[in-house]
Every structure is written in structure tokens, then in C-alpha cells.
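>>> fold the following, please.
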Amino acid sequence: MRHFSLPAFFVLCQLIALSQAQGREEWNQQARATLENALKLQTLNQNVAKNVVFFLGDGMGVATVTSARIYKGQQQGNPGEETILNFEALPYVALSKTYNTDAQIADSAGTATAFLSGVKAKSGVVGVDDSAEYGDCLSSLNASVDSILKMAQDAGKATGIVTTARVTHATPACAYAHSPHRDWENNRDIPPNQRGDGCKDIALQLIELGKDIQVVMGGGRRELLPNNVTDPEYPTQTGQRTDGRNLIEEWENNRPEGSASYYVWSKSQFDAIDPETTDYLLGLFEDSHMQYESDRPSDVAGEPSITEMVDKAIQILQKNPNGFFLLVEGGRIDHAHHAGIGYDALMDTVAMDDAVALALSMTNTTDTLTIVTADHSHTNTIVGYASRGNPILGLNDNDEGADGLPYTTLMYADGPGGFDVASSYRNNGTRPNLTNVDTEDSEYKQQATIPTSSESHAGEDVAIFADGPMAHLFHGVHEQHYIAHVVMYAACLGNYTQHCKVEAPVDAANSLKVNIWVFFSLLLLPIYMNIVRDTIKL
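Presented below is the predicted three-dimensional model:
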């Protein structure tokens, strides 16, 4: 059982902090500082974005951001509500409408197609426009749309993908692949009646269409290994491919001649990589998805954190004088919500936030556009009237339900936690009594109203946080596919290049000399013409 309780001295710090009243001047000073920072934003950064770092918190809705903010602050010994996540400090904020063309509440593939390729698409499709039908290979063959990663690559930039999910999963797949079905991750996943129609599995597209991506790190070895090859970390497991192809070996064998290229699958191998002498890096640290952040320290072979992966990726990519594009996904935030476990969702959100801080420290806002957003939300909510500083994963300290039973601050509208609730009602006529339950335990499933095996996505807008060149173009409420167009415009990619053709600057001193010469030439011209006429008469 994983359990990380708040240390006693943190609780004491909270009590001391709360016992000291926060006077009006403290609030006034805080607001004045915020106002002064806002006034500085009147000078817009209209530079061309040499670099783009795109963070995607999968399933990181507004309630998740708020909860993670409080959780992070409480882990630091503070009440929590006053905490600011690193990405919350980015100065430009907007909202994104997440629906798919055929769905009110979106999935991660259709949304990733939107924010990476600039067109909305159906739920469940990867890198294709709305003409493609879900699961229909033939309909997708002429529907491919390029991603901003591909456009950056075509512009001569270095590119990379970092994810805590499988590298063939919905979000990263939309950066390089085109498929009518997000689950066609290896050849076995394509239904027999679709296999002869010309569609390739996503893993195969990674090493073919994505062969020039310099950094790819995440999980998902099984999608690239054949079923007769044993996984290096788990002796009882094999790859899932049935075509006999070892795509990891093919990736290694097809690197550009003379390049320094490495495949790693453990923490020790990862640590041994020198970014200064590495051109290509493929890191696959799990058979399937990488571990939740709370489980990562106990992983068999060890796994790098999302922050460590971002660090190494940027060091490799920033050697390109033309700049780079890096996609970073906190993929397991979403999985924790689907499991109804708020603990892991908040832990992985905070872990991604640490990676944002690292990326900001390694880049400069003058030439690097940083974006942090989500693909969709979840049904988690923050309820009740708990005291300030009350543990965000704990029981409400101020109130009980009308049934006389306690309840947690975090709950879900649907999800696995609903089964215990339904069972308790059937057997006892009431909700489960949480009085003696440790709701801050890492395996606790929050109660839910509707019992479902997997908690669902939610349909409300999600936030966009940004800084750097053209970040001010994020304002108000946007369609999700607009995000890709801002990236294209800021970095001069795709069809957005006209405004980037800047004429060579005029040398002011030389310009003045030319103007003086023209002035005196015009002044002396009549005299010169008279001399010419007199000469002709002679």
C-alpha cells in the first residue's frame, strides 16, 4: 500500500500560519504587485518563436489545476490555497472549447488532432480531418493532416516527444501518425477486415513517418516488439506485434550515418546518456504506460521523472541553431482520474508542473513560446465548505451530509468509487461511512454518484497558459484547434510565413550619406546642364 501522510511539522506550520490574521495591507500589496506585472504586459512580445515547448496535461481540467495547487502548497507545509503552480504564473491565459466534431464530450485523440494539426476531428481518430470515419481505413487514406511538430521539422528545427503514457498513445501519436482508430497501436490491433486497405499501425508510423524525430521518450515497448521477444524488464511478458518485426532494432538500424543514436529502457541507461554527444534518443521505460509518479521510485528497472526527461530532451534539441519543438505530455493525470484516484491525479499534475519550471529555466521568453494546456476535463469536483488549509484529499472538517455521514472535499460525478456507494445503499440504505477511512491514502477511490468501471471525461472548457513570442494571441475563449494556428504564426510554420519575411534593416548612417549626395546632386544639376550646353555650342 502506498501512503504518504503529511508530516506532523507541516500540520503545525499550517496551524501557525492560519492563526496569524492576514491584514488588509498584505492583500493590497499582493494585488498591487499583480497589477504592476499586468501593466508590463502592455509591451507585446512579437518576436518569432525560435523554440516551442508544448505541455499537455491529459485530463487536466480547471478543478484538477485548483486541487493540485492546494495539494502542492500543503505538501510544502502551507495552507495551500494561496499557492501558485509554475504554469499558473504564465501571464497569458485563455479557455479552450474541447468538443470533437461528432461528440459533445471529447476524447484525447480527436482533441490532440485539433491542437496539434489545427483542424477539429471526430472522436478517436489520429491526425486526420473530419472526412475520416472512425475505424474505417479507406476513408482516412486521403484525410491526413500535418502536425505542428512535422511543420517544425520541415522548417529545419529539431523535434522531440516526452510522455508518461505509451509513445503510441493518443496524444503523442497525433504528432506523427495518421489513423482512423487511436487503438491501432501495433499491427495486431488492426481488425482483419481493415488490414488490406493500406493503413499502417501507429508504432510502425513512428519509425517511418516519425523517423526524424530526434527525441522520443515514454512507455510502450510492447507496441514495437514482436510477440516472440521477451520484455527486458518483465521476463514473463513479450511484445505484442504479430508481424515478426522488431521496430526498436529497425529504429536503431535506420539512424542517419554518422549520428550518435541510443535506445535506452532503464534509469541507469538514461542517466548514462550525454546530451552533448547525442543526436537521437529513443527511451522506452515501460512495457505499457510509465508508472504513476507515486509508484516511480519503486519501479523494477527505474524510470526517469518527467522533469528529468524534459531536461535531457531540451539539452539534446537546443543544439540545433534553427531551434526546436518539444511536445510534453503528463499522460497519467488522465489515467488516475479514470481510476477514480484523486491522489495520483494530483501527484502527476504537480510532477508535470515541476517539469514546466525546469523548461522555463532552460529557455528564454524572448525566443521561446511555452504553452500549457489540457485536452479535456474530468468529472472531479471540489465540494463543501471545508476550512482553509483543510487537506484537499481529506474529509470536510466543517460539515456532514444530511445523512449524518462525512464526505471528502474531492469527489467524482461518475467512476469506480460509485460501486461502493451503490452497494452500501443496497445493503445499508446509506452511503459508506468514511469516519475511519484514510481518504489521503494513495489507493483510496473517491466516492462517485454514478458507478462506472472507468470515470469519464467532462465537457467544460479547459485553460490555456502561455508566455513568449505571440503568447498574447491567447485571450478569451477559443476553439481548441486555434492553438495550433497560434504556434504556426508565432514560429513561422506551415502557411503562416508571410509576416516573417522581414526586409534587411537600413543602415542609418549610410542612408544619411546617400540622401546628402542626392540633395547636392540635384542642387548642382542646373549648373552642370548649363556647362554641357555651353560646351556643345563651342
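>>> tell me, how many residues neighbour residue 102?
Counted with other CB atoms under 10 Å, the neighbours of residue 102 add up to 16. Placement of C-beta: from N, CA and C, glycine included.
>>> thought it was touching residue 124?
No - the criterion here is CB atoms under 8 Å, and residue 102 misses it with residue 124 at 9.1 Å.
>>> so for these two, which residues contact both of them?
residue 134 (CB atoms under 8 Å, 6 or more residues apart in numbering).
>>> run through who's touching stretch 124-140.
Counting by CB under 8 Å, 6+ apart, stretch 124-140 makes contact with 101-102, 107, 109-110, 112-113, 116-117, 119-123, 142-145, 147, 170, 173-174, 176-182, 190-191, 194, 197-199, 202, all of which sit outside it.
>>> ok, stretch 203-210 next?
Residues outside stretch 203-210 that contact it (CB under 8 Å, 6+ apart) are 167-168, 173, 175-179, 185-187, 200, 216, 220, 223-224, 241, 245, 247, 250-251, 254.
>>> in stretch 474-482, what counts as buried?
By neighbour count with 16 or more other CB atoms under 10 Å, stretch 474-482 contains the buried residues 474, 478, 480-482.
>>> now for those residues, which pair is the farthest apart?
Across those, the longest distance by CB to CB is 13.4 Å; it joins 474 and 481.
>>> and the residue nearest the centre of the chain, helix, strand or coil?
Closest residue to the average C-alpha location of the chain: residue 56 at 1.6 Å, with CA atoms, centre = their mean. With DSSP: H, G, I helix; E, B strand; the rest coil as the basis, the three-state label of residue 56 is strand.
>>> need the contact list for it.
The contact partners of residue 56, by CB under 8 Å, 6+ apart, come to 112, 115, 171, 327-330, 373-375.
>>> quick one: which of those is nearest residue 40?
Among the contacts of residue 56, residue 373 lies closest to residue 40 (CB to CB), at 23.4 Å.
>>> the closest one: what's its closest spatial neighbour, skipping adjacent residues?
Closest residue to residue 373 apart from its sequence neighbours, by CB to CB, 6 or more residues apart in numbering: residue 464 at 4.5 Å.
>>> ok, that neighbour touching residue 375?
No - between residue 464 and residue 375 there is no contact under CB under 8 Å: 11.5 Å.
>>> more crowded one of the two?
Taking neighbours as other CB under 10 Å, residue 464 and residue 375 compare with residue 375 leading, 29 against 25.
>>> does the more buried one touch residue 108 like I think?
Yes - with contact defined as CB under 8 Å, residue 375 reaches residue 108; the gap is 5.0 Å.
>>> wait, is residue 283 part of a strand?
Yes - the assignment for residue 283 is a strand, going by three-state DSSP.
>>> so what touches the one helix or strand the residue nearest to residue 373 maps to?
Assigned by DSSP states H and E, residue 464 belongs to strand 462-467. Outside strand 462-467, the residues that touch it by CB under 8 Å, 6+ apart are 60-62, 65, 87-88, 90-96, 98, 360, 365, 369-377, 474, 478, 483.
>>> tell me the mean pLDDT over the biggest strand by length in the chain?
In the chain, with assignment by DSSP state E, the single longest strand is strand 158-166. Average pLDDT, strand 158-166: 98.
>>> heads up, I number from 886, so please use that
All set: I'll call the first residue 886, so the last point we hit is now strand 1043-1051.
>>> and that strand, what does it pack against?
Strand 1043-1051 sits against helix 1033-1039, helix 1055-1058, strand 1100-1104, helix 1191-1202, strand 1209-1215, helix 1217-1223, with contacts defined as 3 or more CB pairs under 8 Å, 6 or more residues apart in numbering; DSSP states H and E.
>>> could these go into TSV alongside mean pLDDT and distance to residue 1340?
Shown next, in TSV, are the helices and strands packed on strand 1043-1051 (pLDDT from 0 to 100; distance: least, CB to CB, whole Å):
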stretch	mean pLDDT	distance to residue 1340
helix 1033-1039	98	30
helix 1055-1058	98	17
strand 1100-1104	98	21
helix 1191-1202	98	22
strand 1209-1215	99	17
helix 1217-1223	98	5
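>>> how about the ones you listed, which one is nearest residue 1345?
Closest approach to residue 1345 among the helices and strands packed on strand 1043-1051 is made by helix 1217-1223 (13.9 Å; CB to CB).
>>> now that closest one, how far from the centre of its chain.
14 Å (CA atoms, centre = their mean, to the nearest Å).
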